[in-house]
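J.: Next comes the sequence, and after it the predicted model I'd like to discuss.
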Amino acid sequence: MATKTMRGFPIAHVVGFLASLILTVIAAAVALKTNLSFNVVMWIIGSLAIIQAGLQLFMFMHVNEGEDKKAQIINIVYGIFIALVIVLGTIWVMTAGHAAH
């Protein structure tokens, strides 16, 4: 990124924050103000969440900065893997657990 927080106003962080707020408001509006089906609302919210996660990776976590790009890609893939294991594992345990009782 061209802007540095040490020498001036961190405009990139402000833009990222505002974009994150806008995506959150859009998701809330879709969930609360539309008459779409549950599945469509969940797909829209999920898509907006993925966009917001990518935005935050680049705007706040400085993924595009640094010299070792390979290590950054490995760390991102590992983070996605861990998040999927946690989410899918939780869904699996929550849905399969009731069958034992």
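T.: Good, I have the coordinates. In this text the structure is predicted, and so the values were computed from the model without any measurement.

J.: any idea of the mean pLDDT for the longest helix anywhere in the chain?
T.: The helix that spans the most residues within the chain, counting by DSSP state H, is helix 69-96. On average, the pLDDT along helix 69-96 is 89.

J.: Show me what counts as buried in that helix.
T.: Within helix 69-96, the residues scored as buried using 16 or more other Cβ atoms under 10 Å are Gln72. Just so you know, the C-beta spots here come from the backbone N, C-alpha and C atoms, and that holds for glycine as well.

J.: So what's the gap between it and the chain middle?
T.: In terms of Cα atoms, centre = their mean, to the nearest Å, the gap separating the centre of helix 69-96 from the centre of its chain is 13 Å.

J.: for the spatially closest residue to Ser20 that is not a sequence neighbour, what are its contacts?
T.: Nearest-residue entry for Ser20: Gln52, 5.6 Å, with adjacent residues in sequence omitted and distances by Cβ to Cβ, 6 or more residues apart in numbering. Each residue near Gln52 by Cβ atoms under 8 Å, 6 or more residues apart in numbering is listed here: 19-20, 23-24.

J.: relative to helix 69-96, how tilted is the host helix or strand of Gln52?
T.: Counting by DSSP states H and E, the secondary-structure element that holds Gln52 is helix 38-59. Helix 38-59 and helix 69-96 are oriented at 150 degrees to each other (axes from the mean of the first three to the mean of the last three Cα atoms, to 10 degrees).

J.: Now helix 38-59 - C-alpha only, CSV.
T.: Output of helix 38-59 as CSV, limited to C-alpha atoms (Å, rounded to 0.1, in the frame of the first residue of the first chain):
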residue,chain,number,x,y,z
PHE,A,38,-33.9,-18.1,4.3
ASN,A,39,-31.4,-19.8,2.0
VAL,A,40,-31.0,-16.8,-0.2
VAL,A,41,-30.5,-14.5,2.8
MET,A,42,-27.8,-16.9,4.2
TRP,A,43,-26.0,-17.1,0.9
ILE,A,44,-26.0,-13.3,0.6
ILE,A,45,-24.8,-12.8,4.2
GLY,A,46,-22.1,-15.5,3.7
SER,A,47,-20.9,-13.9,0.5
LEU,A,48,-20.7,-10.5,2.1
ALA,A,49,-18.8,-12.1,5.1
ILE,A,50,-16.2,-13.6,2.7
ILE,A,51,-15.8,-10.3,0.9
GLN,A,52,-15.4,-8.5,4.3
ALA,A,53,-12.8,-11.1,5.5
GLY,A,54,-10.8,-10.5,2.3
LEU,A,55,-11.1,-6.7,2.7
GLN,A,56,-9.8,-6.9,6.3
LEU,A,57,-6.9,-9.2,5.3
PHE,A,58,-5.7,-6.6,2.8
MET,A,59,-6.6,-3.4,4.6
